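mind folding the following:
(2 chains)
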Protein chains: 2
Amino acid sequence: MSAAAQARRRRREDELEIVAFERGDFTSYSACGLPYYVGDLVTNVDTLIARSPEEHRRRGIRVHTRHEVIGIDTAARTVTVRDLDAGRERVESYDQVLVATGAVPIRPDVEGIDAQGIHGIQTITDGLALRRHLDGYPGHTRAVVIGGGYIGLEMAEAMQLHGMRVTLIDRNPQPMNTLDPDMGSLVGEALRDLGVEVRSGESAIGFEVVDRHVDAVVTDAGTVPTDIVVLGVGVRPNVALAESAGVDVGPSGGLATTSRMQTSADGVWAAGDCVEINHRISGRPVAIALGTHANKQGRVVGINVTGGDIEFPGVVGTAVTKVGPLEVARTGLRSRDLDRLGIDHVSATIESSTRAGYYPGAESITVKLIAETGSRRVMGGQIVGREGAARRVDIVALALWNEMTADDLSQVDLGYAPPFSPTWDPVLTAARRLAANLG
Amino acid sequence: MSAAAQARRRRREDELEIVAFERGDFTSYSACGLPYYVGDLVTNVDTLIARSPEEHRRRGIRVHTRHEVIGIDTAARTVTVRDLDAGRERVESYDQVLVATGAVPIRPDVEGIDAQGIHGIQTITDGLALRRHLDGYPGHTRAVVIGGGYIGLEMAEAMQLHGMRVTLIDRNPQPMNTLDPDMGSLVGEALRDLGVEVRSGESAIGFEVVDRHVDAVVTDAGTVPTDIVVLGVGVRPNVALAESAGVDVGPSGGLATTSRMQTSADGVWAAGDCVEINHRISGRPVAIALGTHANKQGRVVGINVTGGDIEFPGVVGTAVTKVGPLEVARTGLRSRDLDRLGIDHVSATIESSTRAGYYPGAESITVKLIAETGSRRVMGGQIVGREGAARRVDIVALALWNEMTADDLSQVDLGYAPPFSPTWDPVLTAARRLAANLG
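Presented below is the predicted three-dimensional model:
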């Protein structure tokens, strides 16, 4: 819808007809906000919807909800659409088509997975179902979250906000596998301090079901009784439709596109969680499901299909999240990624404070930076801390984006005042240490 | 002391003797923290002292407090030092000398300026005197702050925290003259909302004094009765000592140095508020008194005098401050600076929110970005907002540092999650608008 809105702004209705088919009921909503709706931090689900189908229609975009596109004929330039309510199919022609089919949640194929009380959290419909469960069963006080990534952590917080005892089951050795283990272990400790039972290195292999409702999670290390299960084990690009139309899928499993977001098929564009993205630091394609990338890519398509010329420049892999007072952020490559790429590297980890030490509300922050040995280029950064910690990852992201060395980063002119940072911002201190470690 | 500490870390005591002379009683303290001590946000003044003379001595730096250097003979490589307590002078030789004489507060030369109750706020001694005044005269309930810059705003908050009725007198048309007027006016409005009486475009021309104590500020527009006055009208580089030794002073009024922090005189280095700095965007030297620059420069000197080779890369003019819930930040050049330099420019100002709109604690933020017309390079940024607004200036600072275009900045991979930003970070939204305005 970002592409549609952008294209609409650039072309009048008599110049360009824009039609959107959506399988579900909603458009332009913040899936990233669902954990906060479930956790009751956001009370009205409507506030997650940036623009409803009706609002899009008022702006001259012909939105059809509950319509699923089941086929694309790239030669004939037509799509086959199924009206899910009427049960009818029809064929519509196009000049340019955008595939924005998003991602599908990974759902472990284990016994009991379809029991009541086991929830995904990808769509508004998922969020509504989970909230209905919580409201309908006040006696349910035990929750298991499977998966220790962003969604898993956010859902652990959401369940805690409902007063539940939360167990986090994660097959990785540390939560937040997108961090290096040394930083991930800080997240694990902090989660335990918040009262979450963290079971790392443990895989769910099935569910015990009583009266069709989940009663326990069975793992390779034991059984965890529970009233509710939330699946946060990640997503993969939803490429089935485009793939069946002959569009190329890249090595990461997402649709391959040019930097202008064109696929291998003439007249077919793709954007959002279904595509793979160029990682500017590794130079490799990656599949990262994140609303901010999807939104930027949509804008790029909207400009390019209306005669403009703009590229999506790729990403450096920045991500942030928050669990209670704990903030976690990362960007670029981890030590293990650099190992895998055969790039010699050095890291530095420092502890500092988010404000001048004497200023009220100064909180702890740990910053890890990694640089390539020869070039001294900063290749990645990870931050774990409390209020005010995570946003500093943007400084590192900009350093990566501009291929800065540790030396250069250590002297950058960042905003300094006691309510905002120590005299040396924690990122500068880490960069200084990194430069020293590089020798 | 930053230079001394750095040099000490690199050379043992039997390799290098390090002697420091300090006119006052304290070393290595955060002058930037004084407003918070006065405002009682910081209760123990000792916490502002990063390292006392005794701690420096334990690390092998021979610190002499209450010793004023009154002359440098660069040919003989000696300094003349006055022991302020003993009243004696002596001559000490050196191989390399660092001038770190800081800045002197500008003190209006008007009638009554020496009355009791008129306070500067540059040194710990100033801070202690001001606190003594506040504690000693609980009946004093009216304060006038003269100067609408960083210190003025911070002191206005400090006086309010003591329950005083505060009037801010500023000769500029808007507070925060380091912003463009459109952004400065937002600061003025916010200050008035906080209950500060803001008298802009008004100059103090004298003080009415009763019983040797200030009783009112006389301006060119009227008389403002008051119990206490705080001067926050800025500082200028303290170059007298070095200038009298023949060291070159630059066009900005600070000591001129190379990027390695060497002055025009052989064996004489300079760092901190007494030097002028290369502004990377204008290419002109500027005098900016800020602890973070001083600290970085000190480190550069400490490395270079011990055989290392490192440059201070200059600044982009980043600064942040906070008054109550109001956050203000700026970096780079203002529209008026670009006018003066004859650089064609375009700006964009957007209003957004510090978090996803639906997330609790989302606060307002206004971002202004300015770019050069032809090159599309971002040349400056200004931010006014509430909690979470100001630190975003670092993103802009990094963009300036790396000479990014508005287009490039608009697509940068910043951390996104609902507790931290809208899907498009306010800086990205501003950059996108800026790119559009550039055409």
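
can you give me the helices for the stretch 51-200 of chain A?
A:53-58, A:124-136, A:150-161, A:181-193 (DSSP state H, counting those that start in this stretch).

so for residue A:299, which of the ones you listed sits nearest?
Counting by C-beta to C-beta, residue A:299 lies closest to helix A:53-58 out of those; the figure is 15.5 Å. (C-beta placed from N, C-alpha, C; glycine too.)

show me which residues of the closest one are buried.
Buried residues in helix A:53-58, counting neighbours by 16 or more other C-beta atoms under 10 Å in any protein chain shown, are found at A:53, A:55, A:56.

do stretch A:5-25 as well
Those would be A:5, A:6, A:7, A:8, A:11, A:16, A:18, A:20, A:21, A:22, A:23, for stretch A:5-25 by 16+ other C-beta under 10 Å.

what does stretch A:103-115 give?
Buried-residue list, stretch A:103-115, by 16+ other C-beta under 10 Å: A:103, A:104, A:105, A:108, A:112, A:113, A:115.

cool, and stretch A:67-74?
So, applying 16+ other C-beta under 10 Å, buried residues of stretch A:67-74: A:67, A:68, A:69, A:72, A:74.

what of stretch A:43-50?
Under the neighbour-count criterion of 16+ other C-beta under 10 Å, stretch A:43-50 has A:45, A:47, A:48, A:49, A:50 buried.

and of the residues you listed, the nearest to residue B:27?
residue A:47 (53.1 Å).

for the closest residue to the closest one other than its chain neighbours, which three-state class applies?
The shortest distance from residue A:47 to any non-neighbouring residue, by C-beta to C-beta, 6 or more residues apart in numbering or on different chains, is to residue B:358 (3.9 Å). Of the three states, residue B:358 takes coil under DSSP: H, G, I helix; E, B strand; the rest coil.

looking at it, residue B:358 is touching residue B:423, isn't it?
No. Checked against C-beta atoms under 8 Å, the pair residue B:358 and residue B:423 is beyond contact range at 11.4 Å.

where do the contact lists of those two overlap?
Residues touching both residue B:358 and residue B:423 (C-beta atoms under 8 Å, 6 or more residues apart in numbering or on different chains) are residue A:30.

ok, back up a step: need the buried residues of stretch A:67-74 in CSV (columns: pLDDT and distance to residue B:337).
As requested, the buried residues of stretch A:67-74 are exported to CSV (pLDDT from 0 to 100; distance: C-beta to C-beta, whole Å):
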residue, pLDDT, distance to residue B:337
A:67, 98, 55
A:68, 98, 56
A:69, 98, 53
A:72, 98, 54
A:74, 98, 53
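
still on that earlier bit, can you name the two of the buried residues of stretch A:43-50 that sit furthest apart?
The most distant members of the buried residues of stretch A:43-50, if one measures by C-beta to C-beta, are A:45 and A:50, lying 12.6 Å apart.

of the buried residues of stretch A:103-115, just say which sits nearest to chain B.
Nearest to chain B among those, counting by C-beta to the nearest C-beta, is residue A:103 at 16.0 Å.

who are the neighbours in contact with the closest one?
Applying C-beta under 8 Å, 6+ apart, the residues contacting residue A:103 are A:122, A:235, A:236, A:237, A:238, A:273, A:274, A:289.

ditto for residue A:312
By C-beta under 8 Å, 6+ apart, residue A:312 lies in contact with A:259, A:260, A:261, A:277, A:296, A:297, A:300, B:411.

what's next to the helix or strand in which the fifth one is found, contact-wise?
When you say that, I think you mean residue A:296. Using DSSP states H and E, residue A:296 sits in helix A:291-304. Helix A:291-304 is touched from outside by A:1-10, A:30-32, A:98, A:100, A:102, A:260-262, A:269, A:271-273, A:275, A:277, A:309-312, A:315, B:411, B:413-414, B:416, B:423-425, with contacts defined as C-beta under 8 Å, 6+ apart.

rewinding a little: out of the helices of the stretch 51-200 of chain A, which comes closest to chain B?
That would be, of the helices of the stretch 51-200 of chain A and by C-beta to the nearest C-beta, helix A:150-161, which comes in at 7.4 Å.

how far off helix A:124-136 does the closest one point, in degrees?
With axes from the mean of the first three to the mean of the last three C-alpha atoms, to 10 degrees applied, the angle from helix A:150-161 to helix A:124-136 works out at 20 degrees.

now the angle from helix A:150-161 to helix A:181-193?
20 degrees.

can you give me the strands in the stretch 151-300 of chain A?
A:165-170, A:197-200, A:204-210, A:213-219, A:222-225, A:228-231, A:235-237, A:268-270, A:277-278, A:285-286 (DSSP state E, counting those that start in this stretch).

who does the last one touch, helix- and strand-wise?
With contacts taken as 3 or more C-beta pairs under 8 Å, 6 or more residues apart in numbering or on different chains; DSSP states H and E, strand A:285-286 sits against strand A:277-278.

dump the residue contacts of the closest residue to residue A:429 other than its chain neighbours.
Leaving aside its sequence neighbours, residue A:429 sits nearest to residue A:350 (C-beta to C-beta, 6+ apart; 5.1 Å). By C-beta under 8 Å, 6+ apart, the contact set of residue A:350 is A:366, A:367, A:426, A:429, A:430, A:433.

distance between the ends of stretch A:166-181?
Stretch A:166-181 has an end-to-end distance of 22 Å (C-alpha to C-alpha, to the nearest Å).

just stretch A:413-422 next, same as before
End-to-end span of stretch A:413-422 (C-alpha to C-alpha): 13 Å.

before we move on, what about stretch A:118-127?
Start and end residues of stretch A:118-127 are separated by 12 Å (C-alpha to C-alpha).

what comes up buried for it?
A:118, A:119, A:120, A:121, A:122, A:123, A:124, A:126, A:127.

now, the buried residues of stretch A:5-25 that are in strands?
Counted as lying in strands by DSSP state E, out of the buried residues of stretch A:5-25, are A:20, A:21, A:22.

residue contacts, residue A:196?
By C-beta under 8 Å, 6+ apart, the neighbours of residue A:196 are A:156, A:160, A:166, A:167, A:168.

try it again at 7 Å.
By C-beta atoms under 7 Å, 6 or more residues apart in numbering or on different chains, the contact set of residue A:196 is A:156, A:166, A:168.

my guess is residue A:388 contacts residue A:364, does it?
No. Counting by C-beta atoms under 7 Å, residue A:388 does not reach residue A:364; the two are 10.1 Å apart.

and those two? Which one has more around it.
Legend: neighbour count by other C-beta atoms under 10 Å in any protein chain shown for residue A:388 and residue A:364, higher for residue A:388 (22 against 14).

what is the residue lying closest to residue A:244 once chain neighbours are set aside paired to in the beta sheet?
Excluding the flanking residues, the one nearest residue A:244 by C-beta to C-beta, 6+ apart is residue A:71, at 7.1 Å. According to DSSP bridges, the partner residues bridging residue A:71 are residue A:80.

how near is residue A:71 to chain B?
As for residue A:71, its distance to chain B is 31 Å (criterion: C-beta to the nearest C-beta, to the nearest Å).

right, and that residue touches residue A:80 too?
Yes. With contact defined as C-beta under 7 Å, residue A:71 counts as touching residue A:80 (4.0 Å).

let me see the contact set for residue A:404.
residue A:378.

in JSON lines: the buried residues of helix A:53-58, plus pLDDT.
Shown next, in JSON lines, are the buried residues of helix A:53-58 (pLDDT from 0 to 100):
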{"residue": "A:53", "pLDDT": "97"}
{"residue": "A:55", "pLDDT": "97"}
{"residue": "A:56", "pLDDT": "97"}
